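> Structure for the following, please:
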Amino acid sequence: MASRSILRFRKLCYVEPVSSPSVKFRSFQTSEVEGTDESSVEKKQWKRKKQQRGWRCIDSCCWVIGYMCTAWWVLLLLYHSLPVTLTGFQVPESPGTRLKGEGLTALHPVVLVPGIVTGGLELWEGRPCAEGLFRKRLWGGGFTEIFKRPLCWLEHLSLHNETGLDPPGIRVRAVPGLVAADYFAPGYFVWAVLIENLAKIGYEGKNMHMSAYDWRLSFQNTEIRDQALSRLKSKIELMYVTNGYKKVVVVPHSMGAIYFLHFMKWVESPPPIGGGGGPSWCAKHIKAIMNIGPAFLGVPKAVSNIFSAEGKDVAYIRAMAPGVLDSEFLGLQTFEHVMRASRTWDSIVSILPKGGDSIWGNLDWSPEDGQSCYQARKGYLQSTTGDNNFSRNDGNSVFQVKEPVKYGRIISFGKESSQLSSSQLPRLDLKDLIHKDLATNSKSSCGAVWTEYDEVSSESIRRITENKAYTAQTLFDLLRFVAPKLMRRAEAHFSHGIADNLDDPKYAHYKYWSNPLETKLPVAPNMEIYCLYGVGIPTERSYVYKMSPSNKCKSIPFRIDGSADGEAGSCLKNGIHFVDGDDSVPVLSAGFMCAKGWRGRTRFNPSGIATYIREYRHKPPASLLEGRGIESGAHVDIMGNVALIEDVLRVAAGANGAQTGGDRIYSDIMRISERINLQM
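Sure, this is the predicted structure:
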């Protein structure tokens, strides 16, 4: 009886919709006098309550999310519980296991060089808000601190605005060892699959090393603050000696390719700015450099990151769900906070487009003219193995041009400006604007978010849009105007031009060492350089911008125009023009140096180091059970590509470029390279 009374009381207080005292009395009387079954009464009351409140949108969202999560966990459980011998669920044999069966064993020591963003960072000293995070990962882990204390997290990932080094009272350092970049987050591999396959043919800690460094810093500052370059030099020398004087195979990824390019000049240069190894150090210690997804000539997405803290994913979300990312919910200014932190990272400037208009094109020309951005159903043409085989774009080519694209205009204000003839575009001297700007913008006195846009007047922002289009040459003036502190600090460490005379003594300065167009490769004729990258994925090349409609205090005044779309089959989607690439790096940047800049004896490669291009056609996973795909060409997922892993293992086990099959080219990189008129 007591439990029945409690149940009735609960229904009166929480379940029964209360409209008037008489309703409550009737409900109580019905259940007490008529003796109706309590469960049926409760069901009727639940139905009545549901009819009164209706089915809200949030209920549908919660159910959809619940169903998706449940389905994902069920599939994951089935994947791990089904026997591997079951037809259709057999795990393919790993390349390491297969090559071990063929007799391949570890021979040359291997050094892995991670790129931007993928390396873990941990806290060694912090502000009071970071209590309890000593030696915990702030980057490259579970990212739980983003949700617990986001502003504190961003504060500790930011560098000093003047020095580009640690802010007072904060020390964040790169995680050491193979765990530094094996996984970016739990379950999301970076180097883990390649490391596992190397282990299968005999590699371990004594002959495999991850050269972790703080990817936020300029390359020379990694040496000034952490002696990262000196430690890498010592490690390579030690591995060379302790592994029977076998030369090292270096495997950089993404920005790591230009980081190691900087290292090769540093190690040869005399102290105090260099490592003092002498001109024969690389020839003595390095067998091959296998660059994965190299950003040798930079990436256009670095421009949009600095200019408006966004890229194709943000533009897509804004086009699909306008206002979601820019809502005033809780007063958050996510993009402004991200810009505030990322503009302290000098490394972003290192991957801005290099070579100016000669490489990336001008207002009316670009080397990718005639190329489109999407893959047709029939796929790429197959190429055969050989030293110089590559598919030619003939009548069966998958790339189809729907409308002419002026890729050289990396930033255009308005879709029309991205298509007009250059004679119809207005010209603005931004250098003159810099001197005239009085920084009278009223936004500088409100809020707590600081971006360099706070110091640009509204009149100057309006005049920037009137210029309509910016190429790889003029966008540097634009970035110097809207991000003066970042560019002034970072351009002391990086250069983005083309050298007229590489024997000029000025190129002995470290600011030129990471630019392959302003430095020479070492004299090492027996060394090999590989460019390994994915193709077949539309990759960001140029952007259509508009003024931001937001009137929030200290907001970013520009954004990608997500409403700018081309016709069906066009390369313009959500305000972004696409070309062929690996989703991050266009083939122009990844392949040009191996295709032309370093091919044979050139002024950039005086000793004729052999170069090879190995492209991997992107094939998305066939099902969820395949994970991120064993034939992926995407910028990070390619690290699990079976063909790429096999190439790395064969070279590490002693093969040379000819024995691995020479060039394997599916893209238009050879035609693109020939269209670039550059003194070799």
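
> contacts, neighbours, all on C-alpha from now
Will do.

> where does Ala341 fall, phi/psi-wise?
phi -80, psi -50 (degrees, to the nearest 10).

> and it, what is it in contact with?
Applying C-alpha atoms under 8 Å, 6 or more residues apart in numbering to Ala341 gives the contacts 154-155, 157-159.

> Of those residues, which belong to helices?
Among those, the residues falling in helices (DSSP state H) are 154-155, 157.

> Who wins on neighbours among the residues you listed?
Counting neighbours by other C-alpha atoms under 10 Å, the top entry in the ones in helices among the contacts of Ala341 is Leu157, with 23 neighbours.

> Tell me the one of the contacts of Ala341 nearest Glu567?
Leu154 (40.2 Å; C-alpha to C-alpha).

> Including distance to Met255 and pLDDT, could the contacts of Ala341 go into JSON lines?
Converted to JSON lines, the contacts of Ala341 look like this (distance: C-alpha to C-alpha, whole Å; pLDDT from 0 to 100):
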{"residue": "Leu154", "distance to Met255": "22", "pLDDT": "91"}
{"residue": "Glu155", "distance to Met255": "24", "pLDDT": "93"}
{"residue": "Leu157", "distance to Met255": "19", "pLDDT": "95"}
{"residue": "Ser158", "distance to Met255": "19", "pLDDT": "96"}
{"residue": "Leu159", "distance to Met255": "19", "pLDDT": "97"}
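
> Dump the residues you listed into JSON lines; add distance to Phe143 as well.
JSON lines is the format used below for those (distance: C-alpha to C-alpha, whole Å):
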{"residue": "Leu154", "distance to Phe143": "12"}
{"residue": "Glu155", "distance to Phe143": "15"}
{"residue": "Leu157", "distance to Phe143": "12"}
{"residue": "Ser158", "distance to Phe143": "16"}
{"residue": "Leu159", "distance to Phe143": "19"}
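
> Out of the residues you listed, flag the one nearest to Val648.
Comparing these against Val648 with C-alpha to C-alpha places Leu157 closest, at 33.3 Å.

> of all the contacts of Ala341, which two lie farthest apart?
Spanning the widest gap among the contacts of Ala341 are Leu154 and Leu159, at 9.9 Å by C-alpha to C-alpha.

> before we move on, the earlier item: and of the contacts of Ala341, the nearest to Gly120?
Among these, and counting by C-alpha to C-alpha, the member closest to Gly120 is Leu157, at 11.6 Å.

> Now do the same contact list for the closest one.
Leu157 touches 138, 172, 341, counting by C-alpha under 8 Å, 6+ apart.

> Could you do Asp637 as well?
190, 628-629.

> Distance check, Glu310 against Val74.
Relative to Val74, Glu310 is positioned 35 Å away (C-alpha to C-alpha, to the nearest Å).

> and what of Val405?
Distance of Val405 to Val74, given as C-alpha to C-alpha: 46 Å.

> more neighbours, those two?
It is Val405, of Val405 and Val74, that has more neighbours when counted by other C-alpha under 10 Å, with 24 against 11.

> gap between the more buried one and Asp503?
In this structure, Val405 and Asp503 are 38 Å apart, going by C-alpha to C-alpha.

> cool, and Glu518?
Applying C-alpha to C-alpha to Glu518 and Asp503 gives a distance of 10 Å.

> higher neighbour count, the two?
Neighbour comparison, Glu518 and Asp503: the larger count goes to Glu518, with 22 against 12 (by other C-alpha under 10 Å).

> residue contacts, the more buried one?
Taking C-alpha under 8 Å, 6+ apart, one finds 497-499, 502, 507, 512, 604 in contact with Glu518.

> could these go into TSV alongside distance to Pro586?
Listed next are the contacts of Glu518 as TSV, based on distance: C-alpha to C-alpha, whole Å:
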residue	distance to Pro586
Gly497	19
Ile498	19
Ala499	23
Leu502	26
Tyr507	27
Tyr512	22
Phe604	21
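
> Spatially central residue in this structure, please.
Ser584 (6.0 Å; C-alpha atoms, centre = their mean).

> how about that one, secondary structure?
coil (DSSP: H, G, I helix; E, B strand; the rest coil).

> So it sits against Thr539, correct?
Yes - Ser584 lies in contact with Thr539 (C-alpha atoms under 8 Å); the separation is 5.8 Å.

> Can you point out the buried residues in stretch 242-259?
Buried positions in stretch 242-259, judged by neighbour count with 16 or more other C-alpha atoms under 10 Å: 246-259.

> Kindly report the same for stretch 654-665.
Applying a neighbour-count criterion of 16+ other C-alpha under 10 Å, one finds 654, 656-657, 660-665 buried in stretch 654-665.

> likewise stretch 121-128?
Buried residues in stretch 121-128 (16+ other C-alpha under 10 Å): 121-123, 125-126.

> Include pLDDT when you put the residues you listed into CSV, please.
Formatted as CSV, these follow (pLDDT from 0 to 100):
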residue, pLDDT
Leu121, 95
Glu122, 95
Leu123, 95
Glu125, 97
Gly126, 95
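
> For Val251, list each beta-bridge partner.
Leu112 (DSSP bridges).

> Identify those among the buried residues of stretch 121-128 that sit within strands.
121-123, 125 (DSSP state E).

> Using TSV, lay out these together with distance to Trp345.
Formatted as TSV, those follow (distance: C-alpha to C-alpha, whole Å):
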residue	distance to Trp345
Leu121	14
Glu122	16
Leu123	17
Glu125	19
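
> Let me know the closest of those to Ile669.
Closest approach between those and Ile669, by C-alpha to C-alpha: Leu121, at 35.7 Å.
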